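Student: Structure of the sequence below:
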Amino acid sequence: MSPAVYASDRSRNQSLPHQTTPSKKRLSDGTIKPTTIRLHSISARPPQAPSAPPTQHPTLPPTTPQDPPKKRRGRPPKVKPAGSADVTPKAAQPSIVSKPVTEIRPRSSIPYRLPANVFAGQCIDAAYAARLNPYALHPSEHALLLHLLMKQEITVYLNIRNAILRLWHQNPLCSITAEEAAGCAKEARFFGLADVAYKWLVRHGYINFGCVRVPRAATVNPRARRNTRPKTVVVIGAGVSGLTTARQLEGLFIQESTKWTDAGEQPPRVIVLEGRSRIGGRVYSKPLRDQTSISLPDNLRCTAEMGAMIVTGFEHGNPLDPVIRGQLGLRYHLMKDALTIYDVDGKPIDEKRDMLNTDLYTDISDRAGDFRATPQAVETLKGDEDLINRCRDPAPDGLEHFQLEPLDAVGNIRQQKPATRRGRRRNAPPGTEKLTGRTQVVEGSSATQSAARAARSMGWELKEGVAKNQSVSLRGIASASAHPSLGSVMDDAIRQYQDLVQLTPQDMRLLNWHHANLEYANAAPITSLSLSGHDQDTGNEFEGAHSEIIGGYNQLPRGLMNLPSKLDVRVDRVIDSIHYNQDAFSESDYSTKVVCTDGEVIEADEVVLTVPLGVLKSDMIDFDPPLPAWKRGAIDRMGFGLLNKVVLLYDEAFWDDERDMFGLLNEANDAGSLDPKDYEKRRGQFYLIWNASKTSGKPMLVALMAGHAAHETEKTDTGQLLAEITKRLHSIYPTEKALNPREVIVTRWRRDPFSRGTYSYVAPETLPGDYDLMAQSVGNLHFAGEATCGTHPATVHGAFLSGLRVAAEVVDAMAGPIILPTPLVGPAPVKQEIGPPKQSVCAGDSSFWVQPTSAVQDTNPEATIMAAIFAELGERPVKPSRPGVNPFLLYAKDKWEECKAYLAQTKPAKAKPSAGGREDVRATLGRWWKGLSEDEKGPYLVQSQVAQELADHGRREWGEKVAKWDAEAARIREEYRRGLSTAAVMPPAEPTQLEAGLGVSKRKTNVSNCVVLDHV
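Tutor: A predicted model of the protein is given here:
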């Protein structure tokens, strides 16, 4: 579950409130004036109480689960090594100002030859590539800077942060230094903001991560004792999450080494323990017996992927992109979006029939999607979007007539979809769009149309006597159980559609093929998936074609282990028990220890557990003290699924080697049945077959076993599986080559004691926030892995992200939070006065008011020029806003009240409080609009076109006026420069008594923002 969607019922009981930009004043010394208004802040690391159960979720039973009894500790107290002296850590003190190590200049990291709008577009793209909002603070940044930034400084900070990210994504082979980060500031007084942005990005793994050599501390404190034992972090598990954690910790310990060396200590060390004799975890590229290959370059090994094999898009934020393509330079194969599905008789399915069933399945998924849990947005401080789009900082003096230049090259700033609206193409053809099984989640939906109308619009013929308004109702089946499953609701929808259209047995096989694809995505039968939360990660998908790593996905964990320096990875270390300190904020008399089954004991200061959820469920590891009830409850409620493969190696390819996959339909237990339940057991058997020849270097097919078929694979003999798949392949390709594979490999992941399955899924009993609970630390015991990443579960990149997250948590625990420079922003430049005023400065004194003397004009010629221009021409014409009138908005305005009344009548009684809400009305109107015919949309289209034509005419007039204004302004400016200007600034009239009483602020002198004048 995404942390931004559901708040944890333990650590997020103090959720982010809706925050408005703080109104603050910065004094002349750079500090912020104290305010009497109390703003509720969020601690970057809220105090934990591991021994107390979390706040009860409303859906939990009224009884509070009890923690298991504490295990008796048969361990001696912590003993200090002989000969070691007590070292009192020196408290780190914030610097007075943020000063880079070497002499640097503002803007030194901003290319001056690059147009500003192009540079801004690159910065914005880099922020999106880092999964950050370029226009708003991340919740962690928000908590760190809430009370420290003024409104305008938020925009400055975001510009600096985005520019640092641009440096990283331009070349992830080179780490970013603090000096380069400081060069992203446009003024020296903002070096403090650059320092904070740099430290935050490094600490949280947005830059300088992966297989890159990071910058070391400039100096090493000679007081660091070499004979003292450094602190130790033990990472359990050498999969992608464990290796990422260790690699990131090593980098952070190097970059922040002064936190320990200044206290006379050595930087901590990291030890990785792995139970298997190999690394990679569920990323396992098994070498083939025959390694002779002429198709793989660079002497890459011929391998078969036993586990993960797909990179689901490199674009829009995949953290594996800079590692796989930018640092390791791995070769990869981009998959083609083409798929042929074959029926049980070996004949290909008609494409038109396939699309009919794809549309129908999409519609059924949309109707089931009405029961999804609603995401909850997290509000953070935002910057000025117009300024960020131009990478401009706010004017320091707040000029009243400050103008923004138009964005001529709009294409340089790519229009990004909000994360919550990104999705895959609607009604995409079967292919790589379905590789993650989430293609049913689409932006457009006709689910609020009647089912009969929707079926007709797809191309189905309605049965005789079916009315156009006849529909399907899923609320009854959805409310029949306290924990409804997705499968029960979707199967009920299929049964109800059978009353509207004529579904044949072939249609049922096609619909169940889509079921199998969804079971593959979640590694579980659809009857085991939560109705409300099975697709809780929707909106976080990456963009770009899916790809496979040539020569094996295992090159990724090998690179993480060996580059830039080899990690301390110890294999064949099966963990028996973990003895940890449950209270991370107090000193324990007992040392934290990890005990292996062979008797080896490793003492640690922090422990990171990255084992799969299946291992936690199996109680293979003994915890001392036992895990608290809130953690145990999340482990028990979440699901851990199963997916298996049958790998077939041949002497020669007999299939279309240009295609990357093809699908197989499966017959029901009762042949020709129209009952969805008859298809459950067999629909996932060999339902999708990959062509792995281009990545393995050998003619190879990989058949997937999903849903119930994956569990059957665990207990089915390899010979029987081979006979069944060979029969199916021979019916499609009647050749002798299909009968004799050279090598057969069958995965059985449930039998693997170090995984107990493949990846996690949202079970019906799973509560909102359980993924967050899985990620929460218990004292000095931390957790990582794909089952702790609610935004990207069940993926390799999710495991990678969890490693970056937990590494930041460990460093926070060992080194403390980020230390901010004081002051954060230097004082703004102060305009020099021309001598002190002759008389007392007050509103009743004539010397208080600005006099248009030549001396004053000469001190600020630009202000004089602008005053002359405005006096003669007036303000520059303002660009007209966009009309904002599209056909749908006109339709929504016309039908708003009608739709609101409709929702109030159709929503059930328990949903009445939110019925008719703005979001519900908008969503329903959107579905109504999609169901309108072209004739019904006609009047709104005409109105929109007329409004657009008027807006275009207004913009043309504005362009002409602006061109004329600019030409005249240039003439006045040139005349002034030549000393020929005749335009003069009219002196202000003597202030009236009313004006003096109101305090018209045309003061000549600089008065502190903190001084209040009582005008009389």
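Student: Which per-residue confidence value corresponds to the residue most central in space within the chain?
Tutor: Geometric centre of the chain, nearest residue: residue 131, 4.7 Å, by CA atoms, centre = their mean. Per-residue pLDDT puts residue 131 at 95.
Student: Leaving out sequence neighbours, find the closest residue to it.
Tutor: Excluding its sequence neighbours, the residue lying closest to residue 131 (CB to CB, 6 or more residues apart in numbering) is residue 317, at 4.0 Å. Quick note: C-beta positions are derived from backbone N, CA and C, even for glycine.
Student: Assign the one you found to helix, strand or coil.
Tutor: The three-state label given to residue 317 by DSSP: H, G, I helix; E, B strand; the rest coil is coil.
Student: That one against residue 130, yeah?
Tutor: Yes - counting by CB atoms under 8 Å, residue 317 touches residue 130, with 6.7 Å between them.
Student: mind showing which ranges of the stretch 501-650 of the chain have poor pLDDT?
Tutor: By pLDDT under 70, the weakly predicted segments of the stretch 501-650 of the chain are 584-589.
Student: Hmm, I typed the wrong one, I wanted the chain.
Tutor: Within the chain, the ranges that satisfy pLDDT under 70 run 1-102, 217-227, 293-294, 397-448, 584-589, 830-862, 881-885, 907-917, 979-1016.
Student: so how far is the longest helix along it off the chain centroid?
Tutor: Of all segments of type helix in the chain, defined using DSSP state H, the longest is helix 934-977. Here helix 934-977 is found 39 Å from its chain centre; the criterion is CA atoms, centre = their mean, to the nearest Å.
Student: does residue 183 really touch residue 103, like I thought?
Tutor: No - contact criterion CB under 8 Å: residue 183 and residue 103 do not qualify, at 11.3 Å.
Student: re the thing from before, what do residue 317 and residue 130 both touch?
Tutor: Shared contacts of residue 317 and residue 130, defined by CB atoms under 8 Å, 6 or more residues apart in numbering, are absent.
Student: When these two are compared, which one has more neighbours?
Tutor: Comparing residue 317 with residue 130 by neighbour count (other CB atoms under 10 Å), the higher total belongs to residue 130, at 25 against 21.
Student: my guess is that one contacts residue 169, does it?
Tutor: Yes - at 7.4 Å, residue 130 counts as touching residue 169 under the criterion of CB under 8 Å.
Student: Looking at residue 183 and residue 103, which has the bigger crowd around it?
Tutor: A direct count of neighbours by other CB under 10 Å for residue 183 and residue 103 places residue 183 higher, at 23 against 7.
Student: related to what we said a few turns ago, spit out the contact partners of the residue nearest to residue 131.
Tutor: Counting by CB under 8 Å, 6+ apart, residue 317 makes contact with 128, 129, 130, 131, 542.
Student: can you do 10 Å?
Tutor: Contact analysis of residue 317 by CB atoms under 10 Å, 6 or more residues apart in numbering lists 127-132, 419, 540-543, 792, 797, 801.
Student: got a markdown table for those residues, with distance to residue 821 too?
Tutor: Conversion of these to a markdown table gives the following (distance: CB to CB, whole Å):
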| residue | distance to residue 821 |
| --- | --- |
| 127 | 23 |
| 128 | 28 |
| 129 | 28 |
| 130 | 23 |
| 131 | 27 |
| 132 | 22 |
| 419 | 32 |
| 540 | 34 |
| 541 | 38 |
| 542 | 36 |
| 543 | 37 |
| 792 | 34 |
| 797 | 34 |
| 801 | 29 |
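Student: any idea which of the residues you listed is closest to residue 621?
Tutor: Ranked by distance to residue 621 (CB to CB), the contacts of residue 317 are led by residue 801 at 23.5 Å.
Student: how much space is there between the residue nearest to residue 131 and residue 791?
Tutor: Distance, residue 317 to residue 791, using CB to CB, to the nearest Å: 10 Å.
Student: Identify the contacts common to those two.
Tutor: With CB under 10 Å, 6+ apart, residue 317 and residue 791 have common neighbours 131, 419, 540, 797, 801.
Student: which one of these is nearest residue 942?
Tutor: Relative to residue 942, and with distances defined as CB to CB, the nearest of these is residue 419, at 34.9 Å.
Student: ok, which stretches of the stretch 651-800 of the chain are helices?
Tutor: Shown for the stretch 651-800 of the chain, the helices assigned by DSSP state H, counting those that start in this stretch span residues 693-696, 708-715, 718-732, 770-775, 796-815.
Student: cool, and the stretch 451-600 of the chain?
Tutor: Under the criterion DSSP H, counting those that start in this stretch, helices of the stretch 451-600 of the chain are mapped to 451-458, 475-478, 486-497, 505-522, 555-562.
Student: Point out the one among those helices that comes closest to residue 942.
Tutor: Nearest to residue 942, of all the helices of the stretch 451-600 of the chain, is helix 451-458, at 23.4 Å by CB to CB.
Student: Counting by contacts, list what the closest one packs against.
Tutor: In terms of contacts (3 or more CB pairs under 10 Å, 6 or more residues apart in numbering; DSSP states H and E), helix 451-458 is packed against helix 351-369, helix 486-497, helix 918-931.
Student: what residues does that helix touch?
Tutor: Contacts with helix 451-458, where a contact means CB under 10 Å, 6+ apart, come from 355-360, 362-364, 366-367, 427, 445-450, 460-463, 466-473, 493, 496-497, 499-501, 927, 930-931, 933.
Student: And the residues you listed, which of them are buried?
Tutor: Buried members of these, counted by 16 or more other CB atoms under 10 Å: 356-360, 362-364, 366-367, 427, 445-450, 460, 462, 466, 470-472, 493, 496-497, 500-501, 927, 930.
Student: Residue 139 reaches residue 380, doesn't it?
Tutor: Yes - when contacts are counted by CB atoms under 10 Å, residue 139 is listed as touching residue 380 (5.8 Å).
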